[in-house]
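1. For reference, the sequence and a predicted model appear below.
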Amino acid sequence: MTALKIQQAVDSEQLSEKADELVKAMPEKLKNQGRRMVSIRTSRGQAVKVAAPYYSRKKKKNKRRKKKK
């Protein structure tokens, strides 16, 4: 029951809008890796798994890359 309520909160439109704002405000670019299963421990000690959006830093391009001839 707890996992269902947490999943509904993660899937809410309001949370996704706030997450988009946060990602855009970051100084470095982030890449959306889709949804991943994460474990959340409640205050009672139980761990529940929910699917949450996962972002990672984009790879930096190698500026010294050689041109093809």
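-> Ah, there it is. Numbering: from 1, shown residues only.
2. Got phi/psi on the closest residue to Leu15 other than its chain neighbours?
-> Of all residues not flanking Leu15 in the chain, Ala9 sits nearest, at 6.6 Å (Cβ to Cβ, 6 or more residues apart in numbering). Quick note: C-beta positions are derived from backbone N, CA and C, even for glycine. Dihedral angles phi and psi of Ala9 (degrees, to the nearest 10) take the values phi -70, psi -40.
3. how many neighbours does Ala9 have?
-> When neighbours are counted by other Cβ atoms under 10 Å, Ala9 registers 11.
4. That one and Ile40, how far apart?
-> As judged by Cβ to Cβ, to the nearest Å, Ala9 and Ile40 stand 11 Å apart.
5. what's across from Val38 in the sheet?
-> As for beta bridges, Val38 partners with Val50 under DSSP bridges.
6. residue contacts, it?
-> By Cβ atoms under 8 Å, 6 or more residues apart in numbering, the contact list for Val38 reads 49-52, 54.
7. Now do the same for it: its pLDDT.
-> Listed pLDDT for Val38 reads 91.
8. What of Ser56?
-> At Ser56, the model reports a pLDDT of 88.
9. 833 is where my numbering starts, stick with that
-> I'll keep to 833 as the first residue from here, and by that count the last item is Ser888.
10. show me the contacts for Tyr886.
-> By Cβ under 8 Å, 6+ apart, the contact list for Tyr886 reads 864-868, 870.
11. Can you lay out those residues as JSON lines showing secondary structure?
-> What follows is the contacts of Tyr886, written out as JSON lines (DSSP: H, G, I helix; E, B strand; the rest coil):
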{"residue": "Asn864", "secondary structure": "strand"}
{"residue": "Gln865", "secondary structure": "strand"}
{"residue": "Gly866", "secondary structure": "strand"}
{"residue": "Arg867", "secondary structure": "strand"}
{"residue": "Arg868", "secondary structure": "strand"}
{"residue": "Val870", "secondary structure": "strand"}
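12. out of those, who's nearest Thr834?
-> Val870 (14.3 Å; Cβ to Cβ).
13. In three-state terms, label Ala851 for me.
-> Per three-state DSSP, Ala851 ends up helix.
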